[in-house]
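Trainee: Next input, structure requested:
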Amino acid sequence: MKVVLFTLNGSWVHTSLALRCLRPPLEREGFAVTLLEGTLRDRSAHLLEALYREQADVYSFSCYIWNLEEMLALGESLHAVLPDAKIVLGGPEVSFATERFDAMHWIEAIVCGEGEETLPALCRQLRDGLLHARVIQGTPHAIGNDGILYREGEGNGSILYYESSRGCPYRCAYCLSSATEGLRLKSVEQTLDDLMRFETLHADCKIIKFVDRTFNANVGRANAIWQALLDGRFTKHYHFEVCASLLSEESFAILSRFPKGKIQLEFGLQSTNPETLAASSRHIDPHRVIEAVRRIHSVGNIHVHLDLIAGLPYETYARFARSFDEAYGCCDLLQLGFLKLLYGTKLREKSAEYGYKCLPHTPYTVLESRWISYPELQRLSHIAEVLERYRESNRFSHALWYLDPLMTSPFAFWEGLSDYLKEHDPRPLQKISQPDAFRYLLQYTKTLDGVNEETLKEMLAADFSQHENKRPPAFLRG
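Mentor: I've put the predicted structure just below:
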């Protein structure tokens, strides 16, 4: 029996680790397996044709918050042209509130949760005509037996994904990881063996992104892996999501020894409001987190991301501004995200109590709550776009090196720039040309207290020359 594992990735630089987790156990059961990956930019007609061409017995669709609508549309179309094929849905976005799909009769079965053991059993039932239930709860799987999962020649030469642990020790109320129990870890030896296989099988790969929810949940294990990665035989760039509160003195010492650019760390702060953190089931001291992140960042060898989430309980617009100000400057990239009420999370269950209203379809972004209004969240959304254009792009690094120390409130600075742009140019931010982006930043900032216009022009001219590969425009010269 032939099984197609299919998903839509966010863009061409991404690949699906989930499909590759499912392939080995299916093959061990004797099924012929084909992986098909598309992107959200691909035309649906071309994707449908590719699926039809496989003429498979079973199509297993891996569904996420970013692709659910497109996957459902493709599944219904595929059923129309291949009515005898069995279409199975899996993935986090269909693992909760499955009654949403009751009327979609073309769906043969839904696998909730982990599928390595459940999907082969389901395929055996479909092969034998003995399907026991339409909705099937997945069985937790012991990770580590199938290596790195990417075979030679797979991948896009840029980013590959790796899982060294599954589960999370924390129960954050907005995160789907809170719905699973337990933490399963690969050994240090197995992890390092796998990472060396990336070196031999995927020499063109530049970045290994660990998908572990909290890589350093076991502090000694994390330190041992980081210590080993100092060895020059490990040549990739490695991205980890870590908990700042769990960093030990040994962790700091090891991390300080990495060559610049080899390690990237992502930390979750989300808010500095204790009431917000308590309602979100995040039991951290936000100021200890900030100091730990600042300590890592100050060494200068590790690229550091820090996350904030707008829309969490008990955080007003003004209180979020305070969280932003307290977090600003301790990292390379301050990521401003927006709360999404995911099915299966505690915050979705409490949406009525908290006065939440969200998009009725994916990605379920919060529109308002008891503490923050829709216009305020939209204003924050525009500020996030401005922050991405000017700070996260790294194309204004000289200018911001000069401006950052002059900001008495970083939030007020970026809020003011956002308002200035909306007032002076009605176009969406992505439609504004780069010379105009430089012009608007100069016009806005030269009116602020403490800013020397000539110095600012010099900084902007240096940025323009470095990143645009052109002579700076006249308004930056002289």
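
Trainee: where along the stretch 51-200 of the chain do the strands fall?
Mentor: Remark: strands assigned in the stretch 51-200 of the chain by DSSP state E, counting those that start in this stretch are 58-62, 86-90, 107-112, 135-137, 159-162, 165-167, 183-185.

Trainee: ok now the fourth one, how far from the chain's centre?
Mentor: Mean-position distance between strand 135-137 and its chain equals 27 Å (CA atoms, centre = their mean, to the nearest Å).

Trainee: Next, format the strands of the stretch 51-200 of the chain as JSON lines and append mean pLDDT and distance to Glu423.
Mentor: From N, CA and C alone the C-beta is placed, and that goes for glycine too. Listed next are the strands of the stretch 51-200 of the chain as JSON lines, based on pLDDT from 0 to 100; distance: least, CB to CB, whole Å:
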{"stretch": "strand 58-62", "mean pLDDT": "98", "distance to Glu423": "44"}
{"stretch": "strand 86-90", "mean pLDDT": "98", "distance to Glu423": "47"}
{"stretch": "strand 107-112", "mean pLDDT": "98", "distance to Glu423": "49"}
{"stretch": "strand 135-137", "mean pLDDT": "96", "distance to Glu423": "52"}
{"stretch": "strand 159-162", "mean pLDDT": "95", "distance to Glu423": "39"}
{"stretch": "strand 165-167", "mean pLDDT": "93", "distance to Glu423": "48"}
{"stretch": "strand 183-185", "mean pLDDT": "93", "distance to Glu423": "50"}
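
Trainee: which ones are touching the residue nearest to the spatial centre of the chain?
Mentor: The centre of the chain sits closest to Val211, judged by CA atoms, centre = their mean, with a distance of 9.3 Å. Contact analysis of Val211 by CB atoms under 8 Å, 6 or more residues apart in numbering lists 17, 161-163.

Trainee: that older thread, ok, which of the strands of the stretch 51-200 of the chain comes nearest Leu230?
Mentor: Closest approach to Leu230 among the strands of the stretch 51-200 of the chain is made by strand 159-162 (18.0 Å; CB to CB).

Trainee: Pop the domain breakdown of the chain in here.
Mentor: Listed domain ranges for the chain are 2-137, 159-372, 390-478 (source: automatic domain parsing).

Trainee: Nearest to Ile148, out of those?
Mentor: Closest approach to Ile148 among those (CB to CB): domain 159-372, 4.8 Å.

Trainee: Just give me how far that closest one sits from the chain centre.
Mentor: Relative to the chain's own centre, domain 159-372 is displaced by 10 Å; criterion: CA atoms, centre = their mean.

Trainee: how about a markdown table for the contacts of Val211, with distance to Arg370 added?
Mentor: Below are the contacts of Val211 laid out as a markdown table (distance: CB to CB, whole Å):
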| residue | distance to Arg370 |
| --- | --- |
| Leu17 | 38 |
| Tyr161 | 38 |
| Tyr162 | 41 |
| Glu163 | 38 |
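
Trainee: from the residues you listed, which is closest to Arg23?
Mentor: Leu17 (10.8 Å).

Trainee: coming back round to it: ramachandran angles for the residue nearest to the centre of the chain?
Mentor: Reported as degrees, to the nearest 10, the phi and psi values for Val211 are phi -90, psi 0.

Trainee: what helix or strand does Pro472 sit in?
Mentor: Secondary structure assignment for Pro472, by DSSP states H and E: no helix or strand.

Trainee: if you skip the residues just before and after it, what's nearest to Leu131?
Mentor: Closest residue to Leu131 apart from its sequence neighbours, by CB to CB, 6 or more residues apart in numbering: Gln125 at 5.0 Å.

Trainee: And stretch 115-135, what's buried?
Mentor: 115-116, 118-123, 125-127, 135 (16 or more other CB atoms under 10 Å).

Trainee: Which ones among those residues map onto helices?
Mentor: Under the assignment DSSP state H, these contribute 118-123, 125-127 to helices.

Trainee: Out of the domains of the chain, which gets nearest to Ala384?
Mentor: That would be domain 159-372 among the domains of the chain, by CB to CB, at 4.2 Å.

Trainee: Straight-line length of that closest one, end to end?
Mentor: 37 Å (CA to CA, to the nearest Å).

Trainee: on that earlier part again, turn the ones in helices among the buried residues of stretch 115-135 into a markdown table, columns for distance to Leu176.
Mentor: Listed next are those as a markdown table, based on distance: CB to CB, whole Å:
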| residue | distance to Leu176 |
| --- | --- |
| Thr118 | 17 |
| Leu119 | 19 |
| Pro120 | 24 |
| Ala121 | 23 |
| Leu122 | 22 |
| Cys123 | 25 |
| Gln125 | 27 |
| Leu126 | 27 |
| Arg127 | 31 |
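
Trainee: Can you tell me which of these is nearest Thr445?
Mentor: Looking across those and measuring by CB to CB, the closest to Thr445 is Leu119, at 55.5 Å.

Trainee: Quick one, grab the pLDDT at the closest one.
Mentor: If you check Leu119, the pLDDT there is 97.

Trainee: from memory it sits against Ala109, does it?
Mentor: No. If you go by CB atoms under 8 Å, Leu119 and Ala109 don't touch, sitting 9.5 Å apart.

Trainee: any shared contact partners between those two?
Mentor: Counting by CB under 8 Å, 6+ apart, the residues touching both Leu119 and Ala109 are Val88.

Trainee: got TSV for the domains of the chain, with distance to Leu149 too?
Mentor: Shown next, in TSV, are those (distance: least, CB to CB, whole Å):
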stretch	distance to Leu149
domain 2-137	4
domain 159-372	8
domain 390-478	30
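
Trainee: Tell me which of these lies nearest to Gly147.
Mentor: The closest of those to Gly147 is domain 159-372. By CB to CB, the value is 5.8 Å.

Trainee: which among the ones in helices among the buried residues of stretch 115-135 gets closest to Cys175?
Mentor: Thr118 (22.4 Å).
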